[in-house]
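1. no sequence for this one, just the structure:
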């Protein structure tokens, strides 16, 4: 696991003044990566690093000779896969070089000033070519809430506390924050009907998750031990796994989600590295006394002691009417990744225990990160108790599920005494009407 070093010093500031503003997502202690270009241009996509309200163009900085080496070159490429594949030592060396170059008095500052692009002027691409995407189910609270809706007497399946459950998602329909999409259509079984109809989903939902980007992969047939799992993780971003609940209800047995999940999943553009998150390590939740003992491959001292991450998360909604009336988005719920039953490391170890090979740029979704109380629910199906108790917005509008024109936004940040606050940016998209 990453240890604290000089880049985490909470007293550090940057010559990029906006990075020093209170509440900034991107102070010098963060330095997340993305792929960008100037909005509306035909410029080539290239890698960049967030610093305050600016993006440090890594392609330009490398070309100017400010940074050298393979990692710095890879950080400026049109996808970050090559950087991800280099491993923790290369990532850490680059982070240190960036931190030192962005501090006041750095001799590189004059040239790097010319390598800055305002985030307000940028558009983003997915930061990596995602070969495979697996979505897990790591929140026992979400699993219990969903199970209670469909199996009141037995909400949690017997395998849940033994094994990190996951399913194979669709990498081709991953989209970056700001890219809107249309309401999906599919087969739906209306209440009381004996045959399905083809229609647009009326129960379009969100799922607040995190995306875990794999760095170095593993050889086919070779499992990654839990004690080494995090050395194979590059970083984390926000993920909204959009879900059509009415399509899902008809199709999910016996093989699980399909068309209900594969039409769109929104990723935030910024990947916060695991090293940046080092100050926010914490112990996973204490397991109940009656929970089964973990099998050895899912049990390691370091993971038990600090395998969780203290990441605060929230869901916001802005309806079309709210936008028209210039009203800000309103918070629907707030939760924290530290509540997850299964850790990031356990996901990696379990995914590979059968010899499955992960590759740089692959994504592991955490699953919906609901907390222990209803106000910490991370999906509308939970917040509204299956649609029976609509959410009432400040302007009087009500929602059971997402309606056309609604803009859903996820936010995440880490904050605690003795450490610098770091954020993840936004993960947002607006639902468009289904095609006629």
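-> The structure has been received and is ready for your questions. Small disclaimer: the values here were computed from a predicted structure and weren't measured.

2. I'd assumed residue 94 was in a helix, is it?
-> Yes: under DSSP: H, G, I helix; E, B strand; the rest coil, residue 94 sits within a helix.

3. and it, how far from residue 270?
-> Distance of residue 94 to residue 270, computed by Cβ to Cβ, to the nearest Å: 16 Å. Any C-beta I mention is one placed from the backbone N, CA and C, and that applies to glycine too.

4. looking at the two, which is more packed in?
-> The residue with more neighbours, out of residue 94 and residue 270, is residue 270; 29 against 24, by other Cβ atoms under 10 Å.

5. can you report phi and psi for the more buried one?
-> Main-chain dihedrals, residue 270, degrees, to the nearest 10: phi -100, psi 130.

6. who's in contact with it?
-> Applying Cβ atoms under 8 Å, 6 or more residues apart in numbering to residue 270 gives the contacts 26, 32, 33, 34, 50, 127, 237, 424, 425.

7. try 7 Å this time
-> By Cβ atoms under 7 Å, 6 or more residues apart in numbering, the contact list for residue 270 reads 32, 34, 50, 237, 424, 425.

8. residue 109 now?
-> Here residue 109 is in contact with residue 15 (Cβ under 7 Å, 6+ apart).

9. give me the pLDDT for it.
-> The model reports residue 109 with a pLDDT of 97.

10. again with residue 252
-> pLDDT, residue 252: 89.

11. against residue 250, how distant is the residue nearest to it when sequence neighbours are not counted?
-> Counting by Cβ to Cβ, 6 or more residues apart in numbering, residue 252 lies nearest to residue 260, which is 7.0 Å off, once chain neighbours are set aside. Going from residue 260 to residue 250 by Cβ to Cβ gives 9 Å.

12. compare those two (neighbour count), which wins?
-> residue 260 (24 against 17).

13. assign a three-state SS to the residue positioned nearest the centre of the chain, would you?
-> Among the residues of the chain, residue 238 comes closest to the average C-alpha position under Cα atoms, centre = their mean, at 2.4 Å. Following three-state DSSP, we place residue 238 in the strand state.

14. helix/strand/coil for the closest residue in space to residue 200 that isn't next to it in sequence?
-> Among residues not flanking residue 200 along the chain, residue 434 sits closest, at 3.8 Å (Cβ to Cβ, 6+ apart). Under three-state DSSP, the three-state class of residue 434 is coil.

15. residue 90 too?
-> Once three-state DSSP is applied, residue 90 turns out helix.

16. residue contacts, it?
-> Contacts of residue 90 (Cβ under 7 Å, 6+ apart): residue 71.

17. re earlier: any idea how many residues pack against the residue nearest to residue 200?
-> Residues lying near residue 434 (other Cβ under 10 Å) number 14.

18. which SSE is residue 342 in?
-> For residue 342, there is no helix or strand it lies in under DSSP states H and E.

19. ok, it touching residue 140?
-> No: the criterion here is Cβ atoms under 7 Å, and residue 342 misses it with residue 140 at 8.5 Å.

20. more neighbours, these two?
-> residue 342 (25 against 21).

21. for the more buried one, what are its contacts?
-> With Cβ under 7 Å, 6+ apart, residue 342 has these contacts: 136, 138, 164.

22. please verify my assumption that residue 424 contacts residue 235.
-> No: judged on Cβ under 7 Å, residue 424 makes no contact with residue 235 at a distance of 10.0 Å.

23. circling back to that earlier point, by neighbour count, which of the contacts of residue 342 wins?
-> In terms of neighbours by other Cβ under 10 Å, the contacts of residue 342 top out with residue 138 at 27 neighbours.

24. mind listing what that residue touches?
-> Per Cβ under 7 Å, 6+ apart, neighbours of residue 138: 164, 340, 341, 342, 347, 366, 367.

25. after the lowest-mean-pLDDT helix or strand in the chain comes which helix or strand?
-> One helix or strand of the chain scores below all others by mean pLDDT, DSSP states H and E: helix 140-150, with a mean of 91. Note on helix 140-150: by DSSP H and E, the next helix or strand toward the C-terminus is strand 166-168.

26. which residues are contacting the helix or strand that that following strand is followed by?
-> Once the chain leaves strand 166-168, the next helix or strand it forms, by DSSP H and E, is strand 174-176. Residues from elsewhere that reach strand 174-176 (Cβ under 7 Å, 6+ apart): 124, 125, 126, 130, 133, 181, 264, 265, 266, 267, 269.
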